[in-house]
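Asker: structure for this input, please:
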Amino acid sequence: MNNSSRFEFNPRTGILFKYYYGPISVEAIRDSWTVAIKQQLLPENIRGFVLDYREAHFDFHIKEHIAIVEFYRGHPEIFGNKRVAIICENPEDIVYPILFQTHDNGYESMIFSTMEAAIAWVADFEMEWQA
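Answerer: The predicted structure is shown next:
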């Protein structure tokens, strides 16, 4: 796995956290997920995701955002029927998660500026599924 991200799973909530660091390319995003999938590092009981980009910067052309969306869509066994909370504070980077969100299909994403709000949104979805 590359050094630009790390995974952390909370078994109590079922939320998988992914923290990104430094400049992030499309390849770094795809490759880190691909390695985690191939090496079976992702628990089967994931209920949702919190992707934290506060310590990172998107380092790819705006038009390349579709490659990330296509990757998520291409892995319904991981992302299907899940919420993906994206935390982003840098004004220059906020446009990327907004563009990701416009292409949601099979999963739901939302941008947040705080960890607390992101967790609450994903956790609320878990509660809806359990009801």
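Asker: all strands for this protein, in order.
Answerer: If you assign secondary structure with DSSP state E, the strands in the chain sit at 5-10, 15-24, 48-58, 83-87, 108-112.
Asker: let me know which of the ones you listed is tucked in deepest.
Answerer: The highest mean neighbour count among the strands of the chain belongs to strand 83-87 (a mean of 23), with neighbours defined as mean count of other Cβ atoms under 10 Å. Bear in mind the C-beta positions are built from the backbone N, C-alpha and C, glycine included.
Asker: that strand pairs with which strands?
Answerer: Sheet partners assigned to strand 83-87 using DSSP bridges are listed as strand 48-58 (parallel), strand 108-112 (parallel).
Asker: just put the strands of the chain in a markdown table and tack on distance to A123 and mean pLDDT.
Answerer: Listed next are the strands of the chain as a markdown table, based on distance: least, Cβ to Cβ, whole Å; pLDDT from 0 to 100:
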| stretch | distance to A123 | mean pLDDT |
| --- | --- | --- |
| strand 5-10 | 10 | 96 |
| strand 15-24 | 7 | 97 |
| strand 48-58 | 8 | 97 |
| strand 83-87 | 9 | 97 |
| strand 108-112 | 13 | 96 |
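Asker: now tabulate the ones you listed in CSV and tack on distance to V122.
Answerer: Shown next, in CSV, are the strands of the chain (distance: least, Cβ to Cβ, whole Å):
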stretch, distance to V122
strand 5-10, 10
strand 15-24, 6
strand 48-58, 4
strand 83-87, 5
strand 108-112, 9
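Asker: these: which one's closest to V95?
Answerer: Between V95 and the strands of the chain, the tightest spacing by Cβ to Cβ is seen for strand 48-58, at 8.7 Å.
Asker: what lies in contact with that closest one?
Answerer: Contact partners of strand 48-58, identified using Cβ atoms under 8 Å, 6 or more residues apart in numbering, comprise 4, 14-24, 79, 82-90, 92-93, 96-97, 115, 118-119, 122-123, 125-126.
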